[in-house]
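# sequence first, predicted model second:
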Amino acid sequence: MGDRTMMNFCWWFSAGLSLLISVSMDGNRANGQATRVEAGQRAGKVLFEEDFEKGISRWELSDQGAWDLIDKEGNRTFGLNKRISDYQPKVRSPHNIALVKGLAAGDVQVTFRVRSTLDTGNHRDCCVFFGYQDPEHFYYVHLGAKPDPASGQIMIVDGQPRRPLTDNKNLVPWDDRWHNVKLVRKASDGTIQVYFDDMDRPIMQASDKTFGAGRVGIGSFDDQNEFDDVRVVSLEDTAKPKPKPQAKPQDKKPPERPEPTVADYEYGKDSSRQRFDFWKAQSDKPTPVVLLIHGGGWKNGDKTGYGNNPIKKYLQEGISVAAINYRFIDQAMEQGVEPPVKAPLMDAARALQTIRSKAKEWNLDPTRIGATGSSAGACTSLWLALHDDLAEPTSVDPIARESTRLACAAVVGAQTSLDPKQLREWIGNSIYGGHAFGFAAQGRTREQEFDLLLENRDKVLPWIREYSPIEWVSKSDPPIFLEYPNQKSKPMMGGKEPDPTHSAMYGIQLQKACQEASVACELVFPGNKESEFRNSQEFLIYHLKR
């Protein structure tokens, strides 16, 4: 075989082998398989998958107007429609960012397909975001066509303009075709590896432990791309011995309580938590009802936490009882509910409407329904009591036509506002509420959530006003009872509180708003006994039996 013939054979063999490898990789991707991970690691739980066929509800965008869903040849992708974004970060960093909602990860693999949709020459790029703490603290990979200190590097944004963690010299071979990207990040040891098409050999790598677990996402510094088939998988280091599992403490058993007349009544189809238990009081006449809404920050808790006291006490007084469950913030974020707090509050409203719709069947007086709860359950109760009626009189759904108004509400440790600016004026160390508006993420503290809410307050102000009970006070509202048993000393305006999330300052400010609107509002905490009632239970029994 001559030299030229041999050269041609080698070229065709190489090209054919490359095509075979490419087809094999595309086949794996089509079958939903993860790309190979590094030695000593194995793919763990799939944390997130997205092909955009159901839209973009699971993504948080820095500039909503910069992104489009693209339908082409029976496939839907997610793409940037402009280079210059309306989002301008405080420090020099990418402009177009799409973060996965409700997900933060430490040891993680992120894979996706990407296509450059605008030929900007050496300025073609895409970005992968990880370890994202807030808009001024995160990592990202800049896959720029031609590397320099500001392009084609693994970057960190740490309260100042982005800076490179690498000195990469490898070109990124952008063209108009689809390409495969893989990021492997191990927060546990700081390693970062980035792959472009070649899933065996990283195009750049670095090590940094400034940030631990954080949010992940995709986007561009200032270019246009199209994305598809995003997959986030946790990584577990199999080389390290697993610690011996510690014995788990026994779960606390729920308190004893009477057998419900109706157990786990389904009032919604969106979650298995949309259920309530109902106890029917014995009476020849229609009975009042107390709605029990458990606390737990809208993140935990259960209706089974209510035991013989108070349930038996209300039943003995001829008052029927309903204890509800509702969707948590985490579930709401997974379902794309915006803001997440809408889910637990609207679930409570729907449960109330469902109970009213059963008035004739269960011998209830629909005009005498009160609500009670502690902490987040207290906030929900107040929101129902003060909010305008959510009934839809013309709805084809008979339950939706029922009223959501209450005859009274008596609560313990209630948050009366979710406005971070207002809360810091009331309580200097207030930290509660960021999760209600979508700022929760794995590894993020309550303080960090609050700071993000404060920073983004103007953007979510309509939501804050909609879901803060104090915003809805009006002269037509029912009587309110506020109890703050954990308040150890008289709160001072703007002072720091031992328990800022359940400070009596919340009650003082709501009482002031109620008094201005001529709404009866009684406030009780140690050292402040302005009511003839000792607790919420006494207040509800009195007002519901009048």
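That came through fine. These numbers come from a predicted model, not from an experiment.
# which residues of the protein fall in helices?
Counting by DSSP state H, the chain has helices at residues 3-30, 308-316, 329-334, 342-357, 359-362, 376-386, 420-426, 446-455, 457-467, 504-516, 536-544.
# next, format these as TSV and append distance to His294.
Bear in mind the C-beta positions are built from the backbone N, C-alpha and C, glycine included. Output for those, formatted as TSV (distance: least, C-beta to C-beta, whole Å):
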stretch	distance to His294
helix 3-30	44
helix 308-316	12
helix 329-334	14
helix 342-357	10
helix 359-362	21
helix 376-386	5
helix 420-426	23
helix 446-455	19
helix 457-467	18
helix 504-516	19
helix 536-544	14
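# of those, which is nearest Gln274?
Evaluated with C-beta to C-beta, the helices of the chain place helix 342-357 nearest to Gln274, the distance being 5.9 Å.
# so how far is Asp264 from Ala348?
Distance, Ala348 to Asp264, by C-beta to C-beta, to the nearest Å: 17 Å.
# which one's more surrounded, the two?
For the pair Ala348 and Asp264, the greater number of neighbours falls to Ala348 (25 against 12), based on other C-beta atoms under 10 Å.
# show me what contacts that one?
Ala348 sits next to Leu291, Ile293, Ile324, Tyr326, Ala371, Thr380, Ser381, Trp383, Leu384 when contact means C-beta atoms under 8 Å, 6 or more residues apart in numbering.
# got a pLDDT number for it?
For Ala348, the pLDDT comes out at 98.
# returning to what we had before: which one of the helices of the chain is the most hemmed in?
helix 376-386 (a mean of 29; mean count of other C-beta atoms under 10 Å).
# how far off centre is it?
Distance of helix 376-386 from its chain centroid, counting by C-alpha atoms, centre = their mean, to the nearest Å, is 20 Å.
# keeping just the C-alphas, turn it into CSV.
Extracted in CSV, the C-alpha atoms of helix 376-386 (Å, rounded to 0.1, in the frame of the first residue of the first chain):
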residue,chain,number,x,y,z
ALA,A,376,-46.7,29.7,60.4
GLY,A,377,-50.1,28.3,61.1
ALA,A,378,-50.9,31.5,63.0
CYS,A,379,-49.8,33.6,60.0
THR,A,380,-52.0,31.5,57.7
SER,A,381,-55.0,31.9,60.1
LEU,A,382,-54.6,35.6,60.2
TRP,A,383,-54.3,35.8,56.4
LEU,A,384,-57.6,34.0,56.1
ALA,A,385,-59.2,36.2,58.7
LEU,A,386,-58.0,39.5,57.2
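# what's that helix packed up against?
Taking 3 or more C-beta pairs under 8 Å, 6 or more residues apart in numbering; DSSP states H and E as the contact definition, the neighbouring helices and strands of helix 376-386 are strand 287-293, helix 342-357, strand 364-374, strand 408-412, strand 480-483.
# so it versus helix 342-357, what angle?
Helix 376-386 and helix 342-357 meet at an angle of 60 degrees, taking axes from the mean of the first three to the mean of the last three C-alpha atoms, to 10 degrees as the criterion.
# any figure for the gap between the closest residue to Thr120 other than its chain neighbours and Gly296?
Distance criterion C-beta to C-beta, 6 or more residues apart in numbering; nearest residue to Thr120, sequence neighbours excluded, is Asp223 at 6.0 Å. When C-beta to C-beta is the yardstick, Asp223 and Gly296 sit 44 Å from each other.
# between the two, which one's more packed in?
The residue with more neighbours, out of Asp223 and Gly296 and counting by other C-beta under 10 Å, is Asp223; that gives 24 against 16.
# show me what contacts the more buried one?
Leu80, Arg83, Ser116, Leu118, Thr120, His123, Arg124, Asp125, Cys126.
# measure it to Leu165 for me?
The spacing between Asp223 and Leu165, counted by C-beta to C-beta, is 21 Å.
# I'd assumed Glu49 was in contact with Val233.
No - under the criterion of C-beta atoms under 8 Å, Val233 lies out of contact with Glu49, with a separation of 9.1 Å.
# higher neighbour count, the two?
Val233 (22 against 12).
# which residues does that one bridge with?
According to DSSP bridges, the residues that bridge with Val233 are Val46, Gln109.
# and it, what's its pLDDT?
Each residue has a pLDDT score; the one for Val233 is 93.
# tell me the spacing between it and Thr304.
Val233 is 35 Å from Thr304, by C-beta to C-beta.
# one more: Pro469?
26 Å.
# so which of the two has more stuff around it?
The neighbour count for Pro469 versus Thr304, taken as other C-beta under 10 Å, is higher for Pro469 (28 against 14).
# can you pull the contacts of Leu364?
Contacts of Leu364 were listed using C-beta under 8 Å, 6+ apart, and they are Pro286, Thr287, Pro288, Val289, Ser320, Ile355, Arg356, Lys358.
# tell me how many other residues crowd the closest residue to Leu235 other than its chain neighbours.
Using C-beta to C-beta, 6+ apart and skipping residues adjacent in sequence, the residue nearest Leu235 is Asp107, 4.3 Å away. Other residues lying near Asp107 total 19 when counted by other C-beta under 10 Å.
# same thing with Gln160?
12.
# swap in Ser272?
With neighbours defined by other C-beta under 10 Å, the count for Ser272 comes to 12.
# now do Lys54
Lys54 is flanked by 10 other residues according to other C-beta under 10 Å.
# so what pLDDT did it get?
Lys54 is assigned a pLDDT of 87 by the prediction.
# how about it, what does it touch?
Listed by C-beta under 8 Å, 6+ apart, Lys54 has no contact partners.
# try Lys182
Listed by C-beta under 8 Å, 6+ apart, the contact set of Lys182 reads Thr35, Gln109, Val110, Thr111, Val194, Tyr195, Met199.
# same thing but at 7 Å, please
Each residue near Lys182 by C-beta atoms under 7 Å, 6 or more residues apart in numbering is listed here: Thr35, Gln109, Thr111, Tyr195, Met199.
# from Lys182, how far out is the third one?
What that stands for is Thr111. From Thr111 over to Lys182 the distance is 5 Å, taken as C-beta to C-beta.
# next: the second one.
As defined by C-beta to C-beta, Gln109 lies at a distance of 7 Å from Lys182.
# only the buried residues of stretch 80-98, if you could.
Within stretch 80-98, the residues that count as buried by 16 or more other C-beta atoms under 10 Å are Leu80, Lys82, Arg83, Ser85, Pro89, Ser93, Pro94, His95, Asn96, Ile97, Ala98.
# straight-line length of that stretch, end to end?
Between the opening and closing residues of stretch 80-98 there is a gap of 10 Å (C-alpha to C-alpha, to the nearest Å).
# so, low pLDDT: which residues of the protein?
Within the chain, the stretches with pLDDT under 70 are 1-43, 236-252.
# quick one, domains of it?
Taking automatic domain parsing as the criterion, the chain consists of the domains 32-237, 262-544.
# need those domains in a markdown table with distance to Pro254, can you?
Putting the domains of the chain into a markdown table (distance: least, C-beta to C-beta, whole Å) gives the following:
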| stretch | distance to Pro254 |
| --- | --- |
| domain 32-237 | 28 |
| domain 262-544 | 4 |
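# my guess is Ile97 contacts Asp63, does it?
No - in this structure, Ile97 sits apart from Asp63 without contact. The criterion is C-beta atoms under 7 Å, and the distance is 8.2 Å.
# one step back: separate out the buried members of the contacts of Asp223.
Counted by 16+ other C-beta under 10 Å, the contacts of Asp223 give Leu80, Arg83, Ser116, His123, Arg124, Asp125, Cys126 as buried.
# out of those, the closest to Leu452 would be?
So of the buried ones among the contacts of Asp223, ranked by how close each gets to Leu452 (C-beta to C-beta), first place is Leu80, at 24.0 Å.
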